[in-house]
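*Asks:* Provided below for reference: sequence and predicted model.
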Amino acid sequence: MKKLLIAILVLGTCSSCSNYYQAITASEPTNAVSFNDFRDSSKYYILRNGNDALAMKNISISNDRKNVQCTLAELPFEHKLHVSNGSNGKMKYKRKSYTDDDETAVLNEVHIYIAPGSITNTGAYTLILENIQKAEIIEKNKIKTRNSHAMGTGIAIGATVLVLGVVVAAIVVSSTSFF
């Protein structure tokens, strides 16, 4: 009986809710307007070159709208979740919590992919817009997150009801006399 109760409690505890993000591919990645002219201050732009990833800072677009000038910098830890896991990963992130492992920064990212092997170093950089192969805008996957929370809540409620039922049954059986 104790093993059953422990198993039910572990199942309920392990069914935690998850938060998911998704990468939306920009329809016209070589069009400056696709990226709000790179002026959207709420977005964090990341230049991807094969396995390399660098932060794009001080972004400005040329008058002819064919080039982007920026400063490339090392990518800070809080912006490495999608770089590490990629589109082939589970695309999960941790909600803001009281610890330092907040991964919500991924929800503000735009990943700009150029041909692997292109030379990119930290410092001043000019990105020719027609060299962009792909661009991904990272957003919260509301449907998958909502479904995860609903399933986690359902499992937790079911486990609680089952534990209470077992406890009540045990009390009833132990309190009845077999004379």
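*Replies:* Cool, got the structure. Just so it is clear, the model here is predicted, and its values are computed rather than measured. Numbering: from 1, shown residues only.

*Asks:* low-confidence bits of this protein, can you list those?
*Replies:* Filtered on pLDDT under 70, the chain yields the residue ranges 1-16, 30-40, 86-89, 91, 93-103, 145, 148-179.

*Asks:* show me where it has helices.
*Replies:* 2-14, 81-85, 142-175 (DSSP state H).

*Asks:* next, the buried residues of the second one.
*Replies:* For helix 81-85, a neighbour-count test (16 or more other CB atoms under 10 Å) marks 81-83 as buried. Yep, even glycine has a C-beta here, placed from its N, CA and C like the rest.

*Asks:* which residue packs closest to Asp52, ignoring adjacent ones?
*Replies:* Nearest in space to Asp52, with sequence neighbours left out and distances taken as CB to CB, 6 or more residues apart in numbering, is Thr120 at 6.3 Å.

*Asks:* partner residues bridging Tyr20?
*Replies:* Here Tyr20 sits in beta bridges with Lys92, going by DSSP bridges.

*Asks:* and it, how many neighbours?
*Replies:* As a burial measure, the neighbour count of Tyr20 was computed by other CB atoms under 10 Å and equals 17.

*Asks:* again, but for Cys17
*Replies:* As a measure of burial, Cys17 has 16 neighbours, counting by other CB under 10 Å.

*Asks:* for Asn141, see how far away it is.
*Replies:* Applying CB to CB, to the nearest Å, one obtains 13 Å for the distance of Cys17 from Asn141.

*Asks:* hmm, back to that, distance of the residue nearest to Asp52 relative to Thr25?
*Replies:* Separation of Thr120 from Thr25 (CB to CB): 21 Å.

*Asks:* can you check Asp64 too?
*Replies:* According to CB to CB, Asp64 stands 25 Å off from Thr25.

*Asks:* please apply the same query to Ser60.
*Replies:* As judged by CB to CB, Ser60 and Thr25 stand 25 Å apart.

*Asks:* can you check Lys134 too?
*Replies:* Using CB to CB, Lys134 is found at 6 Å from Thr25.

*Asks:* then Gly50?
*Replies:* The value you get for Gly50 to Thr25, if CB to CB is used, is 18 Å.
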